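> I would like to see how this sequence folds:
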Amino acid sequence: NLKKEKELHQFCMQNANITIFLYCIGRWDMEIEVEVSSTQEFHIVLKEIKSRFSDIISQCDYVMNSTEYKFDLFPGCYPPEL
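Below you'll find the predicted structure:
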């Protein structure tokens, strides 16, 4: 349902905890990245998405990262931070 899919996209764009919404090729149709401060907060966001869009979401897989590292792929290319 294209209309409901657009509603999901709009919901994700307006939610402060959702940082990335991607359409995918392969096993998943889309990927949503959520940044939260606790597991409980994550489950609240996930529950809201599932309840509002259960008619177009048949399966949901997720991975939780507790730490994300910043990599400098080009060391020395940027001016030093002051």
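
> use CA for all of it now, contacts and neighbours both
Noted.

> Relative to Asp72, how far out is Phe21?
Distance, Phe21 to Asp72, using Cα to Cα, to the nearest Å: 24 Å.

> Of these two, which one has the most company?
Per other Cα atoms under 10 Å, whichever of Phe21 and Asp72 has more neighbours is Phe21, with 16 against 9.

> can you count the residues close to Ile44?
Residues within reach of Ile44, counting by other Cα under 10 Å, total 11.

> same thing with Asp61?
Using other Cα under 10 Å as the criterion, Asp61 is surrounded by 6 other residues.

> In a helix, it, correct?
No: assessed by DSSP: H, G, I helix; E, B strand; the rest coil, Asp61 does not belong to a helix; its assignment is coil.

> That one and Asp72: what is the separation?
29 Å.

> Sketch out the low-pLDDT regions of this protein for me.
82 (pLDDT under 70).

> can you pull out the helices in it?
Secondary structure of the chain, counting by DSSP state H: helices at 2-14, 39-52.

> In JSON lines: those, plus distance to Cys77.
Formatted as JSON lines, these follow (distance: least, Cα to Cα, whole Å):
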{"stretch": "helix 2-14", "distance to Cys77": "33"}
{"stretch": "helix 39-52", "distance to Cys77": "36"}
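
> out of those, nearest to Tyr78?
helix 2-14 (30.7 Å; Cα to Cα).

> And the spatially most central residue of the chain, how far from Glu68?
In the chain, the C-alpha closest to the average C-alpha coordinate belongs to Glu33, at a distance of 1.6 Å (Cα atoms, centre = their mean). Look at Glu33 and Glu68: by Cα to Cα, they are 13 Å apart.

> What of Ile44?
Taken as Cα to Cα, the span from Ile44 to Glu68 is 22 Å.

> Overlap of the contact sets of Glu33 and Glu68?
Contact criterion Cα atoms under 8 Å, 6 or more residues apart in numbering; no residue bridges Glu33 and Glu68 by contacting each.
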